[in-house]
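> all I have is the shape, not the residue letters:
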C-alpha cells in the first residue's frame, strides 16, 4: 500500500490559533439561562434540609432546584445529578441555581443553606480497608463498573470470588505459576512500595455544556465531549426519549484527556425539560477541581525476583486504587500491564478498588498504565542498580516479544518492544557522556489500544472537495489524520479533503475519542468510504471518457485517461452531472464501516536526563526523549505534538501535580496556585523518535498514538532523579525535601548515574 | 415486489396540528437583526438618488443598505438583491433597512426617499411586442433561462433562429407535418383565443429566511425552501465561499408550490456578512404579493382541426407568456403538452416568452401545464359541442397511447391516458342525471414528471428505529412516503422508520422538492439504502444466530430464524453489538443512490359539476372528481390530500384568483381582500379516484403525484360553466358578468349540458 505525503497542518488549526473557533461557552442562545451549582462542603453527611428561599428571591433567579424537584432516578447516590439524601464527597452538586446571568446564579448560590448531619468521612484508602471503617458506598453504588468499557485494554477477571476488605468494590487477580516459591528461589528480590498521587486533567477549558429543549419534546445538547454517542444514549435513557430526539452536537474540546465524556449533561437535560429554556453550565475553575472526575491515586507493593543475570523469575504485586465515591475500574487494566510487559514465569497480581469519600475518579490519559508503569519501571530500575546491569539491557533481556504470553494468557501480537529499546540505546541523550551531577533515567511503557466499531460517510462537494463525515470528536488532530487517509484512498491531495464531525442525528456512529482508538477504529471506515466514493466517481468518468476505470487516474482535480492527458474531465463537472436536474448519474454518496478485532499494542521508551543540585535537592530536567512505535505514522508532525503533550502530562505527575486531601476530605490543591501544573521552564524540548512498525491491522498500518506518551515519562524522570540524587524516589510527585538534607534516605546511593 | 401496508399518518403531522412545529420565523437567534425592504413603487424608472439619512437616525436602526453598499454583482438588473441603477417592476427591492426589531425596521423604511426618473412602463404583453414598445430588459437580462432546469418536462428547442418581436426573450417552436394545409382540409376548425391570468401561490407562510454569519467565515441559512442545495450553490457562488461553508437548514415549509426555492437568501447572505450578525427577513403579506415570483399570465390563439367523426387532424397554436421582468421558461413545456397529449398528425406550435415591467414570474405547481391544458381542453370541449360528440369519447378517440409520438418526436412510454378516461366515464358524477341548470365539464391533463439524481443514508438507532437521512425537504408528505418505502425495503413496520431531512452539510444530495419528483427520484435511493441496512443487520444476526441470511426474518423488532421462533435476537441487541466498545461487528451504515433516466408520465381527468343561476350568472360547483394515475399508491391518504389541494388551486384559477395590473403596472389585487383565494364554501368535497398502473421505473411502482391535480380542474370547471350557462368561457378566472345579462355572448348556446 502506498502511503500519503507526510505531514499536514491541522485542518482546524488556523481557526484555533486565530481565536475564531467557537467553543461551547462562546455559543449564543436566545433565552439562555445559566446554572451555578451549590456543592457539598463536607465529605460525608446526611442532608437534613435545604433552605432555598433567600436564593429564590435573589435578583435574576429563575429557579433553585434540589434533587426533590427532579424525577426519581435509578442512579447510585454519588452519581445523582444532585445529591438526594446523602453527600459522598466534598464538591458533590447539591443544588442548582438557575438565573438569567452567570453572576446572578453565582450570587444566589451563596444564599442557599444546606443543613448537614456530618458523618465521619473515609479519606485514606488504606484505612478504608480496615474493619472499623465506615462504609462509603451502599450495595447499589458499589456494583457499578461499566465505565471500564470505554477505556484501554481488557480488564482482568477475578478467577474466584474472594473475601474483600471493607470498602473494596472490585478485585483484579491474575496468577501464573507459583510466585511465592519462585520469589523464595530468586537470587535477588526488590521489595518496595510505590505511591502515585491522584491528578486532575487541568484542561484549559473547564467542563461546559448547553442543553436546549426542542419544540418536539427532544433535546439538543452542545457539549465539549469526547463521546457524543455516550451522552445521547445516557440522556435518552435518563429522560426516556428515543435516542434520535437527543441531538448531541460535539463541540471543539479544549482538552479532554479522558475527563470529558459525560458530566454535566444529565443535570442540564433535566433542568432544560423542567424550565423549557436552554440552560448552560460552565464550571468555574474551583468547581472544576472538585466536580470533574480526576485520576485516582494508587499504591503498589511489589516483590520482583530475578536471577543474578537479570532474568526475571517472579512478581508479586499488591496494589489498590483510591477511587473516591465510585466503584472504580483501573485495577484490571493495571494487572495486565504488570503481568504482561516482561516474560515473568510466575506472578501473583492482586489489585483492589477502594472507595473513599472523595470526588469519584475516572479516566485520565492512559488510565491504569501510568500508575502501573511507574511502579513496575521503578522496580526494574532498582533491580538494574542492584545487579549493576544497564537498565536497557535488563529490559531487553526480559521484555515480551511477539508470541509470548500476555498476562491474561493470550499471545502478544506483533509488537515493537525490542525495537524501541534498541533505538533508546542508540539515542544521543543516552549515549552522550554525563556531566557532574547529571543522571539518566529510562522507562518502558505499553498500551494495548482500544477499538470500537465505527462508520464514516463520504461524498464529493460541487467544488470537488471530498467531504468525509464522522461521529468521533477530534480531540487530538484525528480529523486531519483521517483526511490524509481519505486523500490516500480517494487519490487526491489532502487539501481537497475535509472531515466533518457531525452531530449524533447526522453522523455515522463513531467511537468515543478515547483509548487511542479513533484513527485505529475509524480510519478503516474512512478509507473504505473514500475508496467507494472514488469508485463511484470513476464509474461516471468511465462513461464520460469512454475508458475503463482501471485506465483512469485522478490528477489535479481532474479524472484523466492514463497516458492521454487530453482525455480528461474535471471532478466538479462529474459532480454536476450527478446532481443536475435530469442528471444522468447517481450522486456520489458512500459509506464505510469497520470493526477492528485485533489490537496493535504500542510500546514506547522514554529517556529523562536531569541535573541535580545536592545542596538544595533541586533537579532540572535537561533533556527528554520519547521513542514510540506508532505503526505507520500518518501525520508525523501531529503525532510529535501528541507525544509532546502526553510526555509533559506524565512528567507533571512526577514534577508536582497532585490532588492532596486533608483528613476531612477537603481538597487542598484545588486551584492552579496549589495544583502544580508543570511550567514551561520545567519541560525541555522533548525529542521524539518514531518507530514505524506498520500494523497489519490498522488503517495504512497505523497504530494508536494518544495514550503511550503519557505512560513512561513519570518513571523515567523518577529513575533519573533517583540515580542523580542517590536517593530512590518511590512516591510521585517527587518530594524534593527528601532528596537533600537530614531526611535523605540512602537506599539509592551508589547507582551508576548513566545506568551503565 | 410486495407492497407495504396502505396508508400512514404524516410523521410530522402531530407537530403541525398541535402548533409545535417551529417554522423559520419562530426560531430565536441571539443578536438577531430584522430586515424590512423599501420596494419600488414605480414599474420602470432610473434611480436618481436615495436619501437614507432620516432612516439611519431612526430608533433601533442598525444599517440602511442600498445596492451601492453591496459588492458588485454579475446579475441581471431585476435579479439583483437590491436595484442598482434602474427599477424594472413595482415591488422590486431597492433598500434594505436593518434594525433591532421588525417594527423599527418597518418604521424607518417609511423615511427612505428614493428619487426616480420615471420611464414609460411596458405592462401589456401584446403591446410589448409592438415595434414602438420600450425595451424591458437589456441584452444581459434577456438571455437567462436556467430556471427551466428545475421544472417539469423537457423544454422544446427552437429549430432555427427566428426573427423575434420586441421584448420576446425566447421562442418555443414545434412542428410536425403541414398544419396549415391540414387545417384547410379539416371538416371543422375551432379557432379561438384563450386567456389565463397570472396568479400568486398564496401560501400561508410568506417568504422568510434567516442568515447567520459563522465564526469560520461561513454562513448558516435557515430557509423555508424547497431547494436547499440550490440555495447552497447560488449563495456560495455569490459570496465566493466553498459550498460546504454555506449550511442551508431546510425548515418546515408553510406552502411552497414551486414558489419557495430561492428569493431572499442572497440579499440576507450579503447583509449577514456585512453586519456580522444574524439577519431575518419575513415578508409582510403586501410585500409577498409583489416580491414573490408569481405564475405568469398567458394567452393562446388555437386553431384545432378535426374530421366530422372527431378525429383530430391539425393544431396551430400561437401563444405567449407574460413573464414580467425576466426571460421566462414556460413556453417550451407548454409546447410539449399542446402537441403531445393527443394524436395530432400535423401541428405548428409557437410560443413566445414576453418580458414586461412586472414582478418576474416563476414556477407555480404544474407550470406551463395548467395554462396549456386550459386552452387545449377548452378547445377540445368546444369541438365536442360542435360535433355533438361525448367529450370523453372525443378524447378517447384521440388521446395518445403508449408508443405514440410525443410532441418532441420521442415515443410515449407506458401511460394511463385511456384508463383515466374510461374511469371518468364510469364515475357517478358523470353518470348521474343532471338536474335543471346543471352541467358537467371534463378536462384531461398530463405531467411528464421531473427527476434528479438523489441519494439517501440509512442506519439503525439504538432503540431499533430505522433512521433514513435525505436532503429533499418534505413539502407534501414525502418523508412519510419515503418511510413507507424504507419500511418495505427493511422489512419492518412503518412506525419503526424515521426519515430526517438534514442540512446541506450533512444530508446526502437530494432533488429539489418540485416537479413531482421527490418520491420518484429519491424513493429508489431510500429503498436501496434501507435494503443495504437490512443486509448489514442480517449479516450480524447470521453470526449471532448461526443461520444463513436467507433463513432469517425480521418480526416485531427481532431477527428470528424462520420456523424457529425461539431462535431470535432483538434488533436493539444487534445494534449494541455493532456499536459497543470493543464490539465485534461493523455499525449499520448504508447509502443508497438513484438516477432515474426514464419518465413515468401521469395522466389525470377531472370532472366538475355545476349548478347555474341564469338570472344572476352565479354558478356553484356542486361536485368535483379527480381521477389520476399515480402508479403504485404508496400512501393513498396522503395522495388524496395532495390531490384535494392541487385541484383546489386549479379551481381557484377559474373561480377568481388573478393578478390584475393597471396601466402603470401597479398590482390591483395585492391583498387577500382583492386577490380571491377560493373560500371553503366554493369547493365541494373532491372525490378522488386513484388509478394504479405501476410504473416500471419508480420505487415500488410509484409515479409522481404533486403536479397533475393542479392541471385540469381549471378547464373542467370552465367547461362545466360554459355548458351550464350556454356561454363559452375563454378567459379565466371566469367573469361572471359575462354569463348573464346584456353582455352575454351566444357562442356556447345549445351545448348538451352533460356533454353527451
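Cool, the structure landed. Because the structure is predicted, anything quoted here is derived from the model rather than measured.
> for the stretch 501-650 of chain A, what spans make up the strands?
Remark: strands of the stretch 501-650 of chain A, listed N- to C-terminal, are A:552-555, A:558-561, A:564-570, A:589-594, A:602-613, A:618-629; assignment by DSSP state E, counting those that start in this stretch.
> between those, which gets nearest to residue B:499?
Across these, residue B:499 has its closest neighbour in strand A:589-594 (15.9 Å, Cβ to Cβ). From N, CA and C alone the C-beta is placed, and that goes for glycine too.
> let me know the average pLDDT across that closest one.
Mean per-residue pLDDT for strand A:589-594: 97.
> contact partners of that strand?
Counting contacts by Cβ atoms under 8 Å, 6 or more residues apart in numbering or on different chains, the residues outside strand A:589-594 that touch it are A:453-459, A:508, A:521-533, A:535-536, B:455-457, B:508-509, B:536, B:586-593.
> now swap in stretch A:396-411 and tell me
Looking at stretch A:396-411 with Cβ under 8 Å, 6+ apart, the contacting residues turn out to be A:154, A:156, A:174, A:176, A:309-312, A:335-344, A:347, A:349, A:389, A:412-415, A:417-418, A:421-422, A:444.
> tell me the contacts of residue A:677?
Residues near residue A:677 by Cβ under 8 Å, 6+ apart: A:202, A:652, A:656, A:657.
> in what helix or strand does it lie?
Residue A:677 is part of no helix or strand when elements are defined by DSSP states H and E.
> what's the pLDDT at it?
97.
> quick one: buried ones out of the contacts of strand A:589-594?
Of all the contacts of strand A:589-594 considered here, the ones buried according to neighbour count by 16 or more other Cβ atoms under 10 Å in any protein chain shown are A:453-459, A:508, A:521-533, A:536, B:455-457, B:508-509, B:536, B:586-593.
> and residue A:729, what are its phi and psi?
With angles defined as degrees, to the nearest 10, residue A:729 shows backbone torsions of phi -90, psi 120.
> quick one: stretch A:714-727 to chain centroid distance?
Centroid displacement of stretch A:714-727 relative to its chain, using Cα atoms, centre = their mean, to the nearest Å, is 26 Å.
> could you give me the average pLDDT of it?
Model confidence over stretch A:714-727 averages 97 on the pLDDT scale.
> next: stretch A:457-465.
Within the predicted structure, the mean pLDDT of stretch A:457-465 is 95.
> ok, it near chain B or not?
Yes: contact between stretch A:457-465 and chain B is present through A:457, A:459, A:461, A:462, A:463, A:465 (criterion: Cβ under 8 Å from any Cβ of the partner chain).
> and for stretch A:207-215?
Yes: interface with chain B: stretch A:207-215 contributes A:214, A:215 (Cβ under 8 Å from any Cβ).
> the helices in the stretch 1-150 of chain A, which residues?
A:13-18, A:53-56, A:102-109, A:125-128 (DSSP state H, counting those that start in this stretch).
> winner for burial among those?
Among the helices of the stretch 1-150 of chain A, judged by mean count of other Cβ atoms under 10 Å in any protein chain shown, the one packed with the most neighbours on average is helix A:102-109 (a mean of 20).
> so what does it touch, helix or strand wise?
Applying 3 or more Cβ pairs under 8 Å, 6 or more residues apart in numbering or on different chains; DSSP states H and E, one finds that helix A:102-109 makes contact with strand A:33-39, helix A:53-56, strand A:61-66, strand A:93-99.
> ok, which of those comes nearest chain B?
Proximity to chain B, assessed across those by Cβ to the nearest Cβ, is greatest for strand A:33-39 (13.0 Å).
> can you list the strands that the closest one pairs with?
Take DSSP bridges as the rule and strand A:33-39 pairs in its sheet with strand A:93-99 (antiparallel), strand A:279-282 (parallel).
> could I get these as TSV with mean neighbour count and mean pLDDT?
TSV is the format used below for those (neighbours: other Cβ atoms under 10 Å in any protein chain shown; pLDDT from 0 to 100):
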stretch	mean neighbour count	mean pLDDT
strand A:93-99	25	98
strand A:279-282	26	98
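> now those strands as a markdown table including distance to residue B:134?
Shown next, in a markdown table, are the strands paired with strand A:33-39 (distance: least, Cβ to Cβ, whole Å):
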| stretch | distance to residue B:134 |
| --- | --- |
| strand A:93-99 | 65 |
| strand A:279-282 | 60 |
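> those: which one's closest to residue A:670?
Put simply, out of those the one that sits nearest residue A:670 is strand A:93-99, at 15.5 Å, with distance taken as Cβ to Cβ.
> need the contact partners of that closest one.
For strand A:93-99, contacts defined as Cβ under 8 Å, 6+ apart pick out A:33-40, A:47, A:50, A:52, A:55, A:58, A:60-67, A:81-83, A:87, A:105-106, A:108-109, A:112, A:114, A:267, A:271, A:275, A:279, A:281, A:291.
> can you check stretch A:231-239 too?
Looking at stretch A:231-239 with Cβ under 8 Å, 6+ apart, the contacting residues turn out to be A:73, A:219, A:221, A:223, A:225, A:241-243, A:245-248, A:261-262, A:265-266, A:269-270, A:273, A:504, B:462-463.
> weed out the non-buried ones from the residues you listed.
Members of the contacts of stretch A:231-239 that pass the buried threshold by neighbour count (16+ other Cβ under 10 Å) are listed as A:219, A:221, A:223, A:225, A:241-243, A:245-248, A:261-262, A:265-266, A:269-270, A:273, A:504, B:462-463.
> still on that earlier bit, take the contacts of stretch A:231-239 and keep only those in helices.
Among the contacts of stretch A:231-239, the members found in helices (DSSP state H) are A:265, A:266, A:269, A:270, A:273.
> per-residue pLDDT, the first one?
What it means is residue A:265. The confidence metric pLDDT takes the value 98 at residue A:265.
> from chain B, how far out is it?
For residue A:265, the distance to chain B equals 17 Å [Cβ to the nearest Cβ, to the nearest Å].
> likewise for residue A:200?
For residue A:200, the distance to chain B - Cβ to the nearest Cβ - is 24 Å.
> surely that residue and residue A:291 touch.
No: using Cβ atoms under 8 Å, residue A:200 is not in contact with residue A:291; the gap is 10.6 Å.
> so which of the two has more stuff around it?
Neighbour tally, residue A:200 and residue A:291, criterion other Cβ atoms under 10 Å in any protein chain shown: the higher count belongs to residue A:200, 25 against 21.
> need the pLDDT of the more buried one.
According to the model, residue A:200 carries a pLDDT of 98.
> that one - nearest residue in space that isn't next to it in sequence?
Here the nearest residue to residue A:200 in space, its sequence neighbours aside, is residue A:294; by Cβ to Cβ, 6 or more residues apart in numbering or on different chains that works out to 4.7 Å.
> number of nearby residues for the one you found?
What residue A:294 shows, counting by other Cβ under 10 Å, is a neighbour count of 23.
> so who does it touch?
Counting by Cβ under 8 Å, 6+ apart, residue A:294 makes contact with A:198, A:199, A:200, A:201, A:259, A:324, A:359, A:361, A:362, A:364, A:659.
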